[in-house]
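Participant: Curious how this folds, go ahead:
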Amino acid sequence: MKMLSRYILPASLAVLILFTGCRAKNKAEAGQPAGAAPAKESAGPASVTLTDEAIKAADLKTVRVEPRPVERRIAAAGEIEWNARRVIHLTARTPGRLERVHVVQGDRVRDGQLLAEIYSPDYLTLQAEYIQAAARARRLAGNPAEEGPARAVLAGARERLLLLGVIDAEIQAIDASGVSRPLLHVHAPLGGTVLQCDVVAGDAVDLGTSLFRLADPSTLWAGLHIQEKDLGTLKPGDEVLLRTQAYPGEEFRGRLALIGDVVDAATRTVEGRVEMANPDGRLKAGMYVEASIRPGGERRALTVPEEAVQVDEGRPIVFVKDGERTFIRRLVQLGDRFDGVVEILMGVADGEVVVTSGSFLLKSELRKGALGD
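Facilitator: Down below sits the predicted model:
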């Protein structure tokens, strides 16, 4: 019997539940806060009055509307990209023939690692010139008239070797031994991933022939598609939290480094670029990401829990408590959404009390005109 009485109100209580028509509607309009957007109310009742027993049975909960500090978050989607500043395209700096290729596409390489070896007659010629210039500079050391010009010739020969990609340690070895090296070494200028390998051993190469494309994955970019309506609140340097499908529940931090200058005519979005660290290599180029951008600074806004907002006839409404047992249907204009709360721009004033838990029941009963089970 206790369980039945909890869910089935006596027939006598139904008589005490009053729905008001024009009177309640006029009362709601009179209580509309200043500055609220005018809106056409529905033809149905605008409020519901319940008995104390009905309120208890419905388990209604309320909250007072007050200005609260909020931190706006702007959502955007995008893809992870290579950091273009950490991508290197290696080409042949002299004609010759590839004798050895030590890496293939997909390999991880370290900074300075040997990638390939090229037989180049030009390289042999430049080495001979350097060896001769070094010997002459040593022979003329201490000669006031000849030492300066000899050292200038040596510096020029050394610079031409550096332009071929010969590293300092190799030049020092040539100088110390006085013997030319047969093969020109191609070294990785940075540590990273071999994105592209365009040659194999035995290929003839000319000046400018593509050899390798390398990328450093320790820092990446996320290219975001930012809605045009959000541009006024964003600036470079804003913090960004990124989520991926590969690591659910985990967030990666970065900074908004760039906001583009062109609005895409089809999507009405602008390119945004986020720079982020990737020291462990877990993030991969091409991954889809969902971003939450935090514009700098806080502001205060009137907010209510999301469960307080219902949709009636395609328009958002809340139920404002008027007295002890009456609840007024109020059209509202919504703003930004935050963690579990939504901003109210118009329709509710500071200090008013709105229904949270049970608002859906009120809407249902308001529409059918009687409180049911």
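Participant: Let me see the contact set for residue 267.
Facilitator: Residues counted as contacts of residue 267 (C-beta atoms under 8 Å, 6 or more residues apart in numbering) are residue 225. From N, CA and C alone the C-beta is placed, and that goes for glycine too.
Participant: Now stretch 304-320: buried residues?
Facilitator: Buried positions in stretch 304-320, judged by neighbour count with 16 or more other C-beta atoms under 10 Å: 304, 307, 308, 309, 310, 316, 317, 318, 319, 320.
Participant: Out of those, which is nearest to residue 59?
Facilitator: Comparing those against residue 59 with C-beta to C-beta places residue 307 closest, at 12.9 Å.
Participant: which residues of the stretch 151-300 of the chain fall in strands?
Facilitator: Ranges of strands within the stretch 151-300 of the chain are 183-187, 192-197, 204-205, 210-215, 219-227, 239-244, 252-263, 269-277, 288-294, 299-305, based on DSSP state E, counting those that start in this stretch.
Participant: before we move on, the earlier item: closest to residue 270 among the buried residues of stretch 304-320?
Facilitator: residue 316 (28.4 Å).
Participant: picking that back up, now for the buried residues of stretch 304-320, which pair is the farthest apart?
Facilitator: 307 and 320 (15.2 Å).
Participant: Quick check: phi and psi on residue 89?
Facilitator: Torsion angles at residue 89 (phi, psi; degrees, to the nearest 10) stand at phi -110, psi 110.
Participant: what sits opposite it in the beta ladder?
Facilitator: Counting by DSSP bridges, residue 89 forms beta bridges with residue 213.
Participant: Tell me the spacing between residue 272 and residue 278.
Facilitator: 18 Å (C-beta to C-beta, to the nearest Å).
Participant: Just the buried residues of stretch 304-320: which are in strands?
Facilitator: 304, 310, 316, 317, 318, 319, 320 (DSSP state E).
Participant: I'd like those residues written out as JSON lines, with pLDDT added.
Facilitator: Output for those, formatted as JSON lines (pLDDT from 0 to 100):
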{"residue": "304", "pLDDT": "89"}
{"residue": "310", "pLDDT": "84"}
{"residue": "316", "pLDDT": "90"}
{"residue": "317", "pLDDT": "88"}
{"residue": "318", "pLDDT": "87"}
{"residue": "319", "pLDDT": "86"}
{"residue": "320", "pLDDT": "89"}
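Participant: can you redo the residues you listed as JSON lines with distance to residue 47?
Facilitator: As requested, those are arranged in JSON lines below (distance: C-beta to C-beta, whole Å):
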{"residue": "304", "distance to residue 47": "18"}
{"residue": "310", "distance to residue 47": "14"}
{"residue": "316", "distance to residue 47": "17"}
{"residue": "317", "distance to residue 47": "12"}
{"residue": "318", "distance to residue 47": "12"}
{"residue": "319", "distance to residue 47": "8"}
{"residue": "320", "distance to residue 47": "9"}
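Participant: Which among the strands of the stretch 151-300 of the chain is found nearest to residue 105?
Facilitator: In terms of C-beta to C-beta, the element of these nearest to residue 105 is strand 192-197, at 4.6 Å.
Participant: show me what contacts the residue lying closest to residue 151 once chain neighbours are set aside?
Facilitator: Excluding the flanking residues, the one nearest residue 151 by C-beta to C-beta, 6 or more residues apart in numbering is residue 137, at 5.3 Å. Residue 137 makes contact with 147, 150, 151, 153, 154, according to C-beta under 8 Å, 6+ apart.
Participant: Are any of these buried, and if so which?
Facilitator: Buried among the contacts of residue 137 (16+ other C-beta under 10 Å): 150, 153, 154.
Participant: Check what pLDDT the last one gets.
Facilitator: When you say that, I think you mean residue 154. pLDDT for residue 154: 96.
Participant: correct me, but it touches residue 132?
Facilitator: No. Contact criterion C-beta atoms under 8 Å: residue 154 and residue 132 do not qualify, at 9.3 Å.
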